[in-house]
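[1] sequence and predicted structure are below.
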Amino acid sequence: MDGVLQLVAAGTRVDHGDRVLSLLPSAITSDVEEGTLSDLVQGLLAWLKSSNTKICSAALSALEIVAVRVGPRMRSLIGDVVPALREKLGDGKEQIRKVTLDLFLSLMEAMGSPQSVLDPLVPLALAHKNWRVRQHALEVCEQAMSKFAGQANVGLGKQIPAITKLIVDPNEAVREQAMMTVAEIYRHVGERVRADVTRVEGIPSNRMQALLERLDAVAHTGGMSLLAEPEPAPAAAPRRPSATPSVRRTAGSATAGGPRRSDDDAPPPPRLGLSSRQGSATSVGSEGDLKRVAALATAPPAGSAAGGTVTAEEFEAAVRADGASLRFRTGSEVEDELRPIAEAIGDTQRDWEQRVVLLKRFRDIISSNAPQLDGFLVQMRGLVDPLCLSLRDLRSGVSKEACVSIAKLAHVLRDDFESLADLFFPSLLRQTVINVKIIADSANLCARHIISSTVAPKLIARLLEYKDSKSVTQRRRVIEYVLLALEEWGGAPLHKQAASLRKMIAEMVSDADVNVRTVARRAYWRFQAHFPADAAQIMSSLDPAKQKMLLEDRDKMDGRGAAAAPPSAVRARVGSTASRVPRAAEVHKDPYSKNDPLMATFPPASARLDDEGHISPGKTTKATVARTPMNHASLNSSGPLRVRREAAPAPAAP
């Protein structure tokens with residue numbers, strides 16, 4: 001530790017940063033002296049004043065290592081750390097801003113109290129003169145609510161007025177981030193947020209209406225957290241002004257058997273969130289422009305039905321299909337093309353065939369050079385709500401095309417899709433349990449494609465919300481997606497979620513459903529390949545019968561080489577497009593098919609191990625289990641697990 005302190009105090013040099021990062025993990029421990037910890041942190045904070053990007057990045061990375069190691073003891077230094085990090089949120093380098101944002105979340109997690117970081121950060125950051133500080137402070141609030149809302153008390157209620165006022169900020173990026181932050185808080189807290197928002201004074205009516213429409217869209221698209229306060233019953237709910245009708249109420253009247261709705265009661269379409277231009281050739285709501293865009297889209301193949309069925313191969317082919325040849329010169333041209341599409345696909349009263357055509361037109365735009373132009377990601381964030389509405393449409397054809405479009409977007413954007421994946425996934429998870437097979441299968445294939453295309457560790461938090469679902473299908477899908485993430489992403493992106501994954505897998509190995517248990521055992525061995533110490537804790541917590549089943553599955557998986565492959569053999573995510581094609585059917589194949597050779601290799605429930613460690617048919621008795629104690633020490637070894645057995649008595653002479 002003395003060597004690290006000397007390097008930190010010696011001055012800001014690039015080679016010092018590299019040496020500190022190499023020595024610090026082994027030098028610092030959770031019981032480091034208070035004075036030593038303070039000197040180290042103060043020295044690293046001094047490094048943040050350097051104008052050198054590498055030195056600042058090294059200081060931020062070192063602070064994250066310190067926070068993870070000392071945990072709650074950082075609370076005594078938080079008064080010095082937060083102001084320094086707040087200024088780095090406005091740094092001119094995007095890399096520094098991103099690392100700083102991640103460090104704030106690591107501090108919250110290490111101290112076990114997000115509030116201890118948010119309280120000194122948010123009030124001053126939201127009023128900061130640098131617009132980047134305001135924008136990224138809002139993003140810290142959004143991500144803290146998304147990550148910790150179900151695990152710790154994240155009290156942002158008193159900050160609602162300050163956050164709401166930023167929807168009229170002079171900077172467009174700040175305004176959009178403020179809208180998304182309020183929507184994220186509403187998703188987890190519920191209708192109390194709407195009441196707090198409407199009490200904020202000084203907000204123009206058009207901006208307040210846009211915000212309330214955004215909240216209505218969150219509720220209507222199924223994005224509400226299970227912990228959120230439910231919306232009051234219509235009979236008891238106060239009637240809102242006609243300018244912002246309740247999307248939830250009007251959507252319910254469109255269901256089969258409900259009263260027919262008049263044109264005056266129709267809900268307004270979701271706002272795209274893009275700036276409108278006077279005199280634009282594609283004005284919002286123009287029927288002529290909508291027909292012009294629809295005419296440009298590729299017509300559906302002759303003889304094909306919009307509903308029909310969907311297979312993994314057909315879905316993959318639709319995602320990879322080349323669209324019409326389009327080319328845009330500026331982001332404004334892309335915006336003009338997207339505006340009428342968003343207007344139409346977000347309006348459930350439009351003709352469904354026209355919406356299908358426009359969703360295909362949307363995929364043509366994705367296939368063009370539009371993703372390389374400035375502002376494309378911001379435009380896609382504005383399309384989240386219309387796409388989620390199409391995803392949840394009662395027409396299977398519309399829902400399927402929306403799933404293909406979202407998967408196409410993930411396929412094109414790759415890692416840049418990470419922030420959007422977290423917005424789409426709640427709706428996809430809910431659609432996987434719909435009784436209409438084509439809708440459920442399309443949502444499942446779309447979710448799998450997102451995981452295969454994008455490394456998005458935040459999705460693990462979304463999956464955790466549904467691990468205790470009453471729906472067997474939903475629990476099965478959740479553990480399937482965890483297994484796929486472990487296969488596709490490897491262990492490095494998931495190291496912060498290792499503890500949560502350990503608890504989830506331990507619970508699902510003991511699930512009431514046999515299919516959930518089967519996939520959970522496969523996920524266990526994938527998890528063990530990346531996190532052996534955490535996997536050892538799972539194994540030691542199970543009873544002998546479940547331990548034996550895990551070992552039997554491991555033997556079978558070793559036989560076909562699935563779990564025996566080292567982590568380096570996991571397919572690189574950012575690879576050639578051709579490397580993904582042969583595995584398309586495998587990734588999306590239903591693992592519960594009776595004809596699946598993978599499932600056929602699992603031992604029958606009545607199988608047991610003979611005295612030589614081979615699987616043989618028969619009934620496992622308590623005496624057999626008692627004779628097969630687990631050797632948990634072998635879990636931490638690199639070799640395969642073995643069952644230690646007592647020597648069997650010699651057979652009696654005939």
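    Good, I have the coordinates.
[2] the residue nearest to residue 111 when sequence neighbours are not counted: neighbour count?
    The spatial neighbour of residue 111 that comes closest, neighbours along the chain excluded (Cβ to Cβ, 6 or more residues apart in numbering), is residue 72 at 5.1 Å. C-beta: built from backbone N, CA, C; applies to glycine. Residue 72 has 12 neighbours, counted by other Cβ atoms under 10 Å.
[3] again, but for residue 449
    26.
[4] tell me the mean pLDDT over the helix or strand containing it?
    Using DSSP states H and E, residue 449 sits within helix 437-453. Throughout helix 437-453, pLDDT has a mean value of 94.
[5] show me what counts as buried in that helix.
    The neighbour-count check on helix 437-453 (16 or more other Cβ atoms under 10 Å) flags 438-453 as buried.
[6] and for stretch 348-360?
    348, 350, 352, 354-360.
[7] again with stretch 171-185
    By 16+ other Cβ under 10 Å, the buried positions in stretch 171-185 come out as 173-185.
[8] go on, stretch 453-467?
    For stretch 453-467, the neighbour count (16+ other Cβ under 10 Å) marks 453-457, 459-467 as buried.
[9] in helices, which of the residues you listed appear?
    Among the buried residues of stretch 453-467, the ones falling in helices (DSSP state H) are 453, 459-464.
[10] show me where pLDDT drops low in this structure?
    Residue ranges of the chain with pLDDT under 70: 1, 9-15, 149-153, 221-223, 225-309, 558-654.
[11] ok, back up a step: how about TSV for the ones in helices among the buried residues of stretch 453-467, with distance to residue 132 added?
    What follows is those, written out as TSV (distance: Cβ to Cβ, whole Å):
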residue	distance to residue 132
453	29
459	27
460	28
461	26
462	28
463	32
464	31
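[12] any idea how far residue 318 is from the nearest residue to residue 446 once chain neighbours are set aside?
    Closest residue to residue 446 apart from its sequence neighbours, by Cβ to Cβ, 6+ apart: residue 403 at 3.9 Å. As judged by Cβ to Cβ, to the nearest Å, residue 403 and residue 318 stand 9 Å apart.
[13] hang on, residue 422 packs against residue 462?
    Yes. With contact defined as Cβ atoms under 8 Å, residue 422 reaches residue 462; the gap is 6.7 Å.
[14] looking at the ones in helices among the buried residues of stretch 453-467, which is nearest residue 313?
    Nearest to residue 313 out of those is residue 453 (Cβ to Cβ; 17.1 Å).
[15] tell me who's in contact with the closest one.
    Residue 453 makes contact with 407, 410-411, 414, 417, 573, according to Cβ atoms under 8 Å, 6 or more residues apart in numbering.
[16] could you redo the last one with a cut-off of 6 Å?
    410-411 (Cβ atoms under 6 Å, 6 or more residues apart in numbering).
[17] next: the one 4 residues further on.
    When the contact criterion is Cβ under 6 Å, 6+ apart, the partners of residue 457 are 493-494, 497.
[18] pull out the buried members of those.
    By neighbour count, with 16+ other Cβ under 10 Å, the contacts of residue 457 hold 494, 497 as buried.
[19] circling back to that earlier point, show me which of residue 403 and residue 318 is the more surrounded one.
    Shown here are residue 403 and residue 318; by other Cβ under 10 Å, residue 403 has more neighbours (31 against 19).
[20] what angle separates the strand or helix carrying the more buried one from helix 437-453?
    In the assignment (DSSP H and E), residue 403 maps to helix 396-413. Interaxial angle, helix 396-413 versus helix 437-453 (axes from the mean of the first three to the mean of the last three Cα atoms, to 10 degrees): 10 degrees.
[21] contacts for helix 396-413 next, please.
    Contacts for helix 396-413 (Cβ under 6 Å, 6+ apart): 306-307, 310, 318-319, 352, 355-356, 359, 362-363, 366, 371, 387, 390-391, 393, 417, 424, 436, 438-439, 442-443, 446, 449-450, 453-454.
[22] hmm, 7 Å instead?
    306-307, 310, 315, 318-319, 352, 355-356, 359-360, 362-363, 366, 371, 380, 387, 390-391, 393, 417, 421, 424, 436, 438-439, 442-443, 445-446, 449-450, 453-454 (Cβ atoms under 7 Å, 6 or more residues apart in numbering).
[23] pull the CA atoms of that helix into CSV?
    In CSV, the C-alpha atoms belonging to helix 396-413 read as follows (Å, rounded to 0.1, in the frame of the first residue of the first chain):
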residue,chain,number,x,y,z
SER,A,396,-50.7,-10.6,-34.6
GLY,A,397,-49.3,-9.3,-37.9
VAL,A,398,-48.6,-5.9,-36.4
SER,A,399,-47.0,-7.4,-33.3
LYS,A,400,-44.8,-9.7,-35.4
GLU,A,401,-43.6,-6.9,-37.6
ALA,A,402,-42.8,-4.7,-34.6
CYS,A,403,-40.7,-7.6,-33.1
VAL,A,404,-38.8,-8.0,-36.4
SER,A,405,-38.2,-4.2,-36.5
ILE,A,406,-36.8,-4.1,-33.0
ALA,A,407,-34.6,-7.1,-33.6
LYS,A,408,-33.4,-5.4,-36.8
LEU,A,409,-32.5,-2.3,-34.9
ALA,A,410,-30.5,-4.4,-32.4
HIS,A,411,-28.8,-6.2,-35.2
VAL,A,412,-27.7,-2.9,-36.8
LEU,A,413,-26.8,-0.9,-33.7
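[24] I'd like to know which elements the following helix or strand past it is packed against.
    Remark: after helix 396-413, the chain's next helix or strand is helix 418-431, criterion DSSP H and E. Under the contact definition 3 or more Cβ pairs under 7 Å, 6 or more residues apart in numbering; DSSP states H and E, helix 418-431 sits against helix 384-391, helix 437-453, helix 458-464.
[25] what's the closest of the ones you listed to residue 84?
    Across the helices and strands packed on helix 418-431, residue 84 has its closest neighbour in helix 458-464 (25.8 Å, Cβ to Cβ).
[26] and the angle for the helix holding residue 449 with helix 418-431?
    Following the same axes, to 10 degrees, one obtains 150 degrees for the angle between helix 437-453 and helix 418-431.
[27] any idea of the angle helix 437-453 forms with helix 384-391?
    Using the same axes, to 10 degrees: helix 437-453 against helix 384-391 is 140 degrees.
[28] what sits against residue 460?
    Counting by Cβ under 7 Å, 6+ apart, residue 460 makes contact with 494, 497, 500-501.
[29] 10 Å instead, please
    Counting by Cβ atoms under 10 Å, 6 or more residues apart in numbering, residue 460 touches 147, 481-482, 485, 489, 493-494, 496-498, 500-501, 504.
[30] and if you look at residue 352?
    So residue 352 contacts 306, 390, 393-398, 401 (Cβ under 10 Å, 6+ apart).
[31] cool, residue 531 as well?
    Contacts of residue 531 (Cβ under 10 Å, 6+ apart): 486, 491, 494-495, 497-499, 501-502, 537-538.
[32] buried subset of those, written for PyMOL?
    Selection command for PyMOL covering only the buried members of the contacts of residue 531, criterion 16+ other Cβ under 10 Å:
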select buried, resi 486+494+497+498+501+502+538
